[in-house]
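Novice: what would the 3D arrangement of this be:
(one chain, ligands or ions: 2)
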Amino acid sequence: MKPIRETIHHLMNRHDFKERYEAMKRDILNDRHVQSFLRGHDVTDAMLNRHLGKLYEFVQQSKHCERCPSLEQCPNLLKGYTPHLIWQGKNIDVQYERCARKVQDDERKKQHSLIRSLFIPRDMLQASFDQLETDDLGRIEAIELANTFASTYEVGKRTKGLYLYGSFGVGKTYLLAAMANELAQRHIASFLVYVPEFVRSLKSSLQTDAFQDTIEYAKQVPVLMLDDLGAELMSSWWRDEVLGPILQYRMLEHLPTCFTSNFDLKRLTHHFAHSQRGEEEQVKAARIIERIVYLATPIEMKGKNRRIEM
Ligand code: ADP
Ligand code: MG
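Specialist: Residues are numbered from 1 along each chain as shown. Ligands and ions are numbered 1, 2, ... in the order given. Now for the predicted structure:
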């Protein structure tokens, strides 16, 4: 026989347990989500007791969601997932679905992954048409054309890109970035490349796989955006072996390409006709310009230098 002290102790604990269990059960059944879930179902006490664990899990987890601090600080079992009660025949189960914040975050990440860029400042990549100031008359046409392109282009459709030219600081790069973001919202990938740095880096990665991959991507990406063309060190290698084949490929595949430049097409012809070595090759320069004109509509951007203000 067990010593009496031990039995009493055991009973006390059981009694405590039962009380706590009943209190917990009351709390759970008072939860309005649980109440509306159970409403209309023939729920016996035995069933409730059997599924109290699931209901408890639901109440705990959904309480977290009601006081959601942020997605990063989500305390739920599965970060970013919110619980739902479901009936599986006569059984109750908890199912987890992505919460609204997680859905939004996933979408943002997915969109972000659709924009690849090289040597473009990170804050520039935040540009959007919503925040774009349209105070300068000299830029309105460019902004409208850029907006139309980014909001109507469909992959596979024959469309010309834009050749945006104008002086330093009028917002050419900003406009490209806004286009890339709008395209990403429409699930279209783009590759935004700052040309001067691109050319420098290509030289140092010659013959590597990374080099080949980048060139391949530039050829095939749905929308290629070459920023600041004409500001790079011109060499016949860049013109004839890198840029020429990329543009040629995109012409044949009808893939739109956008450019920005400080130069109009006449000055850009001059840029491509003169290499650093002093060679003059008008025909080869003309061929590049022909491809650019085939791929993109030239449009001038005028206005104040927005960098000075800052
Ligand atoms: P560009 O490429 O023509 O030299 P940028 O695109 O770099 O000019 O723009 C210069 C500065 O002005 C950047 O800091 C950019 O964030 C800002 N900017 C440009 N266009 C706009 C705009 N439409 N609305 C608000 N800020 C702009
Ligand atoms: Mg720029």
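
Novice: so what's Leu162 closest to, chain neighbours aside?
Specialist: Cys258 (5.0 Å; C-beta to C-beta, 6 or more residues apart in numbering). Where C-beta positions appear, they are placed from N, C-alpha and C, glycine not excepted.

Novice: tell me if the host helix or strand of the one you found is near ligand 2.
Specialist: Assessed by DSSP states H and E, Cys258 sits inside strand 257-261. No - in terms of C-beta under 5 Å from the ion, no part of strand 257-261 sits within range of ligand 2; the closest distance is 5.9 Å.

Novice: what are the contacting residues of that strand?
Specialist: Residues outside strand 257-261 that contact it (C-beta atoms under 8 Å, 6 or more residues apart in numbering): 149, 161-165, 172-173, 175-176, 179, 223-231, 247, 250, 268, 292, 295-296.

Novice: each with direction, which strands does that strand pair with?
Specialist: Paired neighbours of strand 257-261 in the sheet (DSSP bridges): strand 161-165 (parallel), strand 223-227 (parallel).

Novice: now those strands as JSON lines including distance to ligand 2, mean pLDDT and mean neighbour count?
Specialist: As requested, the strands paired with strand 257-261 are exported to JSON lines (distance: least, C-beta to the ion, whole Å; pLDDT from 0 to 100; neighbours: other C-beta atoms under 10 Å):
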{"stretch": "strand 161-165", "distance to ligand 2": "9", "mean pLDDT": "98", "mean neighbour count": "26"}
{"stretch": "strand 223-227", "distance to ligand 2": "6", "mean pLDDT": "98", "mean neighbour count": "26"}
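
Novice: state the distance from the closest residue to ligand 2 within the stretch 101-250 of the chain to ligand 1.
Specialist: Distances between the stretch 101-250 of the chain and ligand 2 by C-beta to the ion are smallest at Thr173, namely 3.2 Å. Note on Thr173: its distance to ligand 1, by C-beta to the nearest ligand atom, to the nearest Å, is 3 Å.

Novice: quick one, phi psi at Phe211?
Specialist: Phi and psi for Phe211, reported as degrees, to the nearest 10, are phi -60, psi -50.

Novice: what of His41?
Specialist: Torsion angles, degrees, to the nearest 10, at His41: phi -110, psi 150.

Novice: coming back round to it: from Met124, how far off is the residue nearest to Leu162?
Specialist: For Cys258, the distance to Met124 (C-beta to C-beta, to the nearest Å) stands at 15 Å.

Novice: those two: which is more packed in?
Specialist: Taking other C-beta atoms under 10 Å, Cys258 and Met124 do not tie; Cys258 has more neighbours (27 against 17).

Novice: residues contacting the residue nearest in space to the middle of the chain?
Specialist: Among the residues of the chain, the one closest to the centroid is His112, at 1.7 Å (C-alpha atoms, centre = their mean). By C-beta under 8 Å, 6+ apart, His112 lies in contact with Ala184.

Novice: give me the mean pLDDT for stretch 291-303.
Specialist: If you average the pLDDT over stretch 291-303, you get 95.

Novice: what parts of the stretch 51-200 of the chain come near ligand 1?
Specialist: Neighbours of ligand 1 within the stretch 51-200 of the chain, by C-beta under 6 Å from any ligand atom: Leu132, Glu133, Phe168, Gly169, Val170, Gly171, Lys172, Thr173, Tyr174.

Novice: so what would you say the end-to-end distance of stretch 229-242 is?
Specialist: 13 Å (C-alpha to C-alpha, to the nearest Å).

Novice: residues contacting that stretch, please?
Specialist: Against stretch 229-242 from outside (C-beta under 8 Å, 6+ apart): 195-196, 198-200, 202, 215, 259-263, 267-268, 271-272, 274-277, 279, 281, 284-285, 288.

Novice: what do you get for stretch 28-40?
Specialist: Leu48, Leu52, Leu55, Tyr56, Phe58, Val59, Ser62, Leu85.

Novice: separation between Val59 and Leu77?
Specialist: Using C-beta to C-beta, Val59 is found at 13 Å from Leu77.

Novice: my error: substitute Ile86 in the last question.
Specialist: From Ile86 to Leu77 the distance is 16 Å (C-beta to C-beta).

Novice: ok, whatever residue of the chain ends up closest to ligand 1 - contacts?
Specialist: Closest residue of the chain to ligand 1, C-beta to the nearest ligand atom: Gly171 (2.6 Å). If a contact means C-beta under 8 Å, 6+ apart, then Gly171 has Leu132, Arg139, Met301, Gly303, Arg306 as its contacts.
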